[in-house]
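> Next one to model:
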Amino acid sequence: AVQLPAGALSGAPLPVGASVIQVTVSSPKKVRSVEGSPMSVQGGAATPPHRGPHGQQQPVLLARPGVAGTQALGARGGASLVQHGGYPAAVAKTGPVAARPLAGALGRAAQGLEVAELHLGAEPIFDPLRPALRAQLLEKLRIPAATARVAAMEGFRGGLNEGVWYVSSPGRDELVLKLVRCKRLAANIPTEAENFMKLYREHPTAYRDPTLALPFKIFGCIGRGGMKMHDLIVMQRVRGERLAEWMAKKWYKSQAEEMYQLFERLGASLAEYHARYGGAQHGDFQPSNIFYDETADALYFIDMGGMGVPTVENDVEHFVKSLMLLSQSYNSSAAIEGEHYFKRGYERACGRR
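Numbers count the residues shown, from 1 in each chain. All right, here's what the predicted structure looks like:
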């Protein structure tokens, strides 16, 4: 159990992700239930623990994966999460029963998936190269502004992205900032940010999967009048190069056999991915959304914003179709051989389960 001194943390910002067995407050009452989802509120000690004026531990109340807010712990011991960043709020009522533990929230939970806001102020557009927004962004990412470098991505940045930037600083992993729409294209199609939060609720272990390029932070970009303009997706940059570019080099160096061997491994990796996440499809599985680090001999799946969203084609069909399109740059035999090795890897991996 974790003690929550009544009123001690009013207004504290909420990270997302930790898990505990029981949450109590320093009063005769305990956290009992959550309106809406049974996983809406979790609790856990802050790391490192904050200490009050008398040395008492002051943990924080955390939101479930995908929900951000601000803690409001009143003098009566009631705790609630209020709406923050344009995302749903959850309310915890006080009562005699403790919250149950939630599986899968530890591990990457120290990093987790956090949802917060960036305020554009009078800026008409999102531009992290402008001094005021750059300073705010780096502060929220806890990166020293004096040593940070923010640079816009050159060349093709993806068909649905509003902008892509890289953030680097000595001794830190390089980050990718991806600006995306915050409005749904259709009522039944979630935004990329909404889908990432849904994925975190349904498959929290995916956020500890080293083969998947998933975000650890999502910012709602707030403009004039409090209107939300965009979502900013923040993730670590994967190493290597796009499979499409690697394929081109191997083909023109007459190293097709290496390419086919990797296709077989890729098929096996996709089958294992489907097995881990209940058959959830990537949604756009094609050579531009796969990275290969030849030095480390490692494959990575990127552009995961559509994971689990229903599509007309499954991942195997979509990848094979993309090979046929690429064959126009090589020849048809390359696509046929590539399909053979890819499917063989997939089917063999399925047969091992």
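> what sits up against the longest strand anywhere in the chain?
Under DSSP state E, the strand in the chain containing the largest number of residues is strand 228-236. Strand 228-236 has contacts (CB atoms under 8 Å, 6 or more residues apart in numbering) with 86, 118, 120, 126, 141, 162, 173-182, 191-193, 196, 213-223, 305. (Each C-beta comes from the backbone N, C-alpha and C, glycine too.)
> How about stretch 270-287?
Applying CB under 8 Å, 6+ apart, the contact partners of stretch 270-287 are 203, 205-206, 209, 211-212, 242-244, 247, 289, 301, 303-309, 311, 314-316, 318-319, 322-323, 326, 345-347, 349-350, 353.
> Buried residues in that stretch, which are they?
Applying a neighbour-count criterion of 16 or more other CB atoms under 10 Å, one finds 270-274, 277, 280-287 buried in stretch 270-287.
> Relative to residue 206, how far out is the closest residue to residue 293 other than its chain neighbours?
Excluding its sequence neighbours, the residue lying closest to residue 293 (CB to CB, 6 or more residues apart in numbering) is residue 240, at 3.3 Å. Separation of residue 240 from residue 206 (CB to CB, to the nearest Å) stands at 20 Å.
> okay, the two: which has more neighbours?
residue 206 (22 against 18; other CB atoms under 10 Å).
> And that one, how far from residue 337?
On the measure of CB to CB, residue 206 and residue 337 end up 32 Å apart.
> Over to residue 283?
According to CB to CB, residue 283 stands 26 Å off from residue 337.
> Repeat that for residue 314.
Distance from residue 314 to residue 337, by CB to CB: 21 Å.
> what does residue 189 give?
Distance from residue 189 to residue 337, by CB to CB: 36 Å.
> out of those two, which sits in the busier spot?
residue 337 (17 against 12).
> tell me which residues in the longest strand of the chain are buried?
229-235.
> same thing with stretch 112-121?
For stretch 112-121, using 16+ other CB under 10 Å, the buried residues are 112-118, 120.
> Make a markdown table out of these and add secondary structure and pLDDT.
What follows is those, written out as a markdown table (DSSP: H, G, I helix; E, B strand; the rest coil; pLDDT from 0 to 100):
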| residue | secondary structure | pLDDT |
| --- | --- | --- |
| 112 | coil | 78 |
| 113 | coil | 93 |
| 114 | strand | 95 |
| 115 | strand | 95 |
| 116 | strand | 96 |
| 117 | strand | 96 |
| 118 | strand | 96 |
| 120 | coil | 93 |
